[in-house]
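Asker: Here is my input; please provide its structure:
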Amino acid sequence: MNICQPDWSQINCTIPYRYIDSITCTNTNSHLVREARLSFPSGHASFSAFTMVYFVIYLEVRYKFKTPRLVLPFLQFLCLMLAIYTSFSRIADYKHHWSDVLSGFLLGTTVATLTALSISDLFQSQTNQ
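Answerer: Residues are numbered from 1 along each chain as shown. Alright, predicted model coming up:
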């Protein structure tokens, strides 16, 4: 609504539970309108989910230092919370719809998992040693 800036005089809101399927946008900035239509899936959510999930998997496979028992799970939890925070910030700033963010987050998580299992050599080098 903020980007489109609909013409409220042409919208009849007196009938409850009626879906409004035709609106006229009054915003003349075509760049903003175009950007709003490119929000599916959320690039920020998918990128943050990909990087953090891949890093969590990387840490799980390769982290072999002698540290207290909770250091690795805490670091992994922190990474995942950063990805979730990034995703929620897109919703809170009204940059994306929740479904765009959720689909981007799931896409990033799926691609990170498939990359770690199929493309990278994270698990192959463990069996060769």
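Asker: residues contacting the residue nearest the centre of the chain?
Answerer: Nearest residue to the geometric centre of the chain (Cα atoms, centre = their mean): A45, 1.7 Å. By Cβ atoms under 8 Å, 6 or more residues apart in numbering, the residues touching A45 are 83, 86-87, 90, 96, 100-102, 104-105, 108. The C-beta positions use only the backbone N, C-alpha and C, and glycine is treated the same way.
Asker: how about JSON lines for the residues you listed, with secondary structure, neighbour count and pLDDT added?
Answerer: JSON lines is the format used below for the contacts of A45 (DSSP: H, G, I helix; E, B strand; the rest coil; neighbours: other Cβ atoms under 10 Å; pLDDT from 0 to 100):
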{"residue": "A83", "secondary structure": "helix", "neighbour count": "25", "pLDDT": "95"}
{"residue": "T86", "secondary structure": "helix", "neighbour count": "19", "pLDDT": "92"}
{"residue": "S87", "secondary structure": "helix", "neighbour count": "24", "pLDDT": "91"}
{"residue": "R90", "secondary structure": "helix", "neighbour count": "22", "pLDDT": "85"}
{"residue": "H96", "secondary structure": "coil", "neighbour count": "23", "pLDDT": "77"}
{"residue": "D100", "secondary structure": "helix", "neighbour count": "22", "pLDDT": "88"}
{"residue": "V101", "secondary structure": "helix", "neighbour count": "26", "pLDDT": "90"}
{"residue": "L102", "secondary structure": "helix", "neighbour count": "16", "pLDDT": "91"}
{"residue": "G104", "secondary structure": "helix", "neighbour count": "25", "pLDDT": "91"}
{"residue": "F105", "secondary structure": "helix", "neighbour count": "25", "pLDDT": "94"}
{"residue": "G108", "secondary structure": "helix", "neighbour count": "26", "pLDDT": "95"}
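Asker: Would you agree I15 falls within a helix?
Answerer: No - residue state for I15 (DSSP: H, G, I helix; E, B strand; the rest coil) corresponds to coil; a helix is not indicated.
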